[in-house]
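# Here is a sequence with its predicted model. Questions after.
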Amino acid sequence: MALIIAGDRSGVGKTTITLAILAFLARQGKRVQSFKVGPDYIDPMFHSGATGIACRNLDPVLTSPAYIRDCFQRYGNNAECVVIEGVMGLFDGLYDPDKSNCLNDYGSTAHIARILNLPVVLVLDCSSLSSSIAAIAYGYANLDPEVKIAGVILNKIASDRHKELLETALNSIKMPIMGVLRRNSQITIPDRHLGLIPSDELPKINSIFSRLADRAQTSFNWDKLFPLIKTNISFPDNPPIFPSSKVKIAIAKDAAFNFYYQDNLDILAKLGAELIDWSPINDRDIPKDIQGLYFGGGFPEVFARQLAANKNVLEQLKQLILGGIPTYAECGGLMYLCEQLVDLKQKYWSMVGVIPSTVSMETKLTLGYRKAIALQDTSLIQAQETITGHEFHRSQIQTPPNNPLWQLQGFHQSSPQIIEGWQVENLHASYLHIHWGENQHLAQRFINNCENYKI
């Protein structure tokens with residue numbers, strides 16, 4: 001069995017509650033596999049920090065329902081406990097104008113619950129509610145009979161009297177209460193322009209996990225909750241064995257670059273690549289004898305000063321990329337490879353300089369799934385290929401590409417088409433984040449190009 005933690009809307013506290021559950025289970029010595037619904041990068045970092053095991057994304061938009069089932073079974077079968085954190089409100093998904101008479105919740109938490117046939121515990125922010133909580137819980141429990149609401153967790157309770165009113169109302173509809181959490185301003189996770197600050201940047205994160213575990217121990221009804229989370233599977237102690245490496249690919253990993261789907265990295269390893277982590281901030285040289293470079297997203301705008309100061313690495317990268325080494329860069333990686341980066345304080349910083357443009361931080365958030373049609377061949381794609389990706393950034397390239405990689409369009413029919421992406425030699429750089437779960441041929445093509453690169 002496994003459990004999905006959902007919310008009736010965004011901002012009700014499901015991430016904090018999920019982390020409290022994960023931290024408590026990990027403290028008990030349990031092997032806990034977590035999953036996150038949707039394309040999020042930051043919440044999975046916190047999950048992994050709490051459990052010590054890589055969190056996996058479940059996103060049928062970027063992959064498929066079949067891949068969701070396979071991923072869940074493959075990694076859930078290796079754990080004693082399995083917890084899935086939802087996204088936004090329970091039924092919030094993609095709108096399809098051709099299906100106006102249904103919920104239009106493709107990719108939602110409810111969709112994942114139906115795909116995996118798993119129960120849901122609904123987190124409710126009770127700060128402005130008393131007896132009306134029953135109407136909300138009843139509506140969520142009865143809207144879709146295929147989505148099983150196992151119970152609710154009541155968050156932000158003000159007093160014993162407030163708790164009594166809520167319990168009386170929920171008892172009237174026979175809704176199980178799985179947990180009750182009082183208002184607490186002592187445990188906060190700081191955020192910034194793209195959401196929570198990643199866990200690796202928080203020096204006191206272990207203390208936060210410890211306090212969350214303390215709250216979980218006393219705030220949840222574990223007699224009801226634990227049977228839903230616990231699996232009945234014996235799991236192997238041996239890690240998966242990957243084939244011997246064919247190529248060495250350097251993965252930029254530090255505070256500036258940390259937006260990676262773990263599945264993407266595992267797919268590269270499964271296909272025979274040796275992945276070498278390195279830091280564009282801290283390392284003074286690029287790893288030796290590499291045949292490929294991979295730059296994920298992250299926060300180069302926050303660490304622009306440190307990146308710009310590492311001039312030896314900037315020059316090495318420029319020579320390698322212009323010399324033809326296959327390079328894949330997403331979002332923050334694209335920003336880093338531009339000539340200049342204008343940060344949040346409007347300061348200019350010199351970057352690698354292989355993309356002939358300046359990138360600047362803006363107030364507008366670009367966010368959403370994209371249908372992408374390839375306009376040319378690169379080290380990853382072939383012209384006319386169509387894939388689905390995701391954008392999530394506040395920066396903009398000031399000079400459009402002369403020979404773009406993609407034609408992008410949102411999932412709404414009225415959304416404008418955007419021409420985007422850069423190729424320089426064997427560089428594929430774009431704002432588009434791609435999950436390779438249903439596109440493993442892209443990873444294989446990248447590896448093949450890396451094999452052909454002569455050191």
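Structure received.

# which residues of this structure fall in helices?
14-27, 42-51, 65-76, 109-116, 133-143, 160-172, 205-219, 222-229, 262-270, 304-309, 311-322, 332-336, 440-452 (DSSP state H).

# Between those, which one is closest to residue 434.
Proximity to residue 434 (Cβ to Cβ) singles out helix 440-452 among the helices of the chain, at 6.9 Å. (Glycine included, C-beta is placed from N, CA and C.)

# what distance separates that closest one from the middle of the whole chain?
Computed by Cα atoms, centre = their mean, to the nearest Å, the chain-centroid distance of helix 440-452 equals 24 Å.

# buried stuff in that helix?
442-447, 449-450 (16 or more other Cβ atoms under 10 Å).

# With distance to residue 409 and pLDDT added, can I get those in JSON lines?
As requested, those are arranged in JSON lines below (distance: Cβ to Cβ, whole Å; pLDDT from 0 to 100):
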{"residue": "442", "distance to residue 409": "19", "pLDDT": "97"}
{"residue": "443", "distance to residue 409": "24", "pLDDT": "97"}
{"residue": "444", "distance to residue 409": "26", "pLDDT": "96"}
{"residue": "445", "distance to residue 409": "23", "pLDDT": "97"}
{"residue": "446", "distance to residue 409": "24", "pLDDT": "97"}
{"residue": "447", "distance to residue 409": "29", "pLDDT": "97"}
{"residue": "449", "distance to residue 409": "27", "pLDDT": "96"}
{"residue": "450", "distance to residue 409": "30", "pLDDT": "97"}
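
# how many neighbours does residue 208 have?
20 (other Cβ atoms under 10 Å).

# Check what pLDDT it gets.
Residue 208 is assigned 91 on the pLDDT scale.

# My guess is it contacts residue 197. True?
No - checked against Cβ atoms under 8 Å, the pair residue 208 and residue 197 is beyond contact range at 11.5 Å.

# Quickly list what's touching both of the two.
residue 189 (Cβ atoms under 8 Å, 6 or more residues apart in numbering).

# returning to what we had before: what would the buried residues of helix 440-452 look like in TSV with distance to residue 83?
As requested, those are exported to TSV (distance: Cβ to Cβ, whole Å):
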residue	distance to residue 83
442	30
443	28
444	32
445	35
446	33
447	33
449	38
450	36
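
# So this protein: which segments form each domain?
3-229, 247-452 (automatic domain parsing).

# Spatially, what comes nearest to residue 151 if we skip its sequence neighbours?
residue 176 (3.6 Å; Cβ to Cβ, 6 or more residues apart in numbering).

# Repeat that for residue 205.
residue 199 is the one closest to residue 205 (Cβ to Cβ, 6+ apart), at 4.9 Å.

# How about the contacts made by that neighbour?
Contacts for residue 199 (Cβ under 8 Å, 6+ apart) come out as 45-46, 48-49, 205.

# between these, which is closest to residue 223?
residue 46 (26.7 Å).

# Surely that closest one and residue 19 touch.
Yes - the pair residue 46 and residue 19 qualifies as a contact (Cβ under 8 Å) at a distance of 5.7 Å.

# quick one: contacts for the nearest residue in space to residue 39 that is not next to it in sequence?
In space, and not counting its chain neighbours, residue 39 is closest to residue 390: 4.3 Å by Cβ to Cβ, 6+ apart. Residues near residue 390 by Cβ under 8 Å, 6+ apart: 39, 61-62, 368-370, 432-433.

# change it to 7 Å
Going by Cβ atoms under 7 Å, 6 or more residues apart in numbering, residue 390 touches 39, 62, 369-370, 433.

# again, but for residue 293
250, 325, 327.

# same check, this time on residue 252
278, 280, 294-296, 333.

# same thing with residue 342?
Neighbouring residues of residue 342 by Cβ under 7 Å, 6+ apart: 348, 358, 360-361.

# and what of residue 375?
383, 404-407.

# what's the offset of stretch 129-143 from the middle of its chain?
That offset, for stretch 129-143, works out to 30 Å (Cα atoms, centre = their mean).
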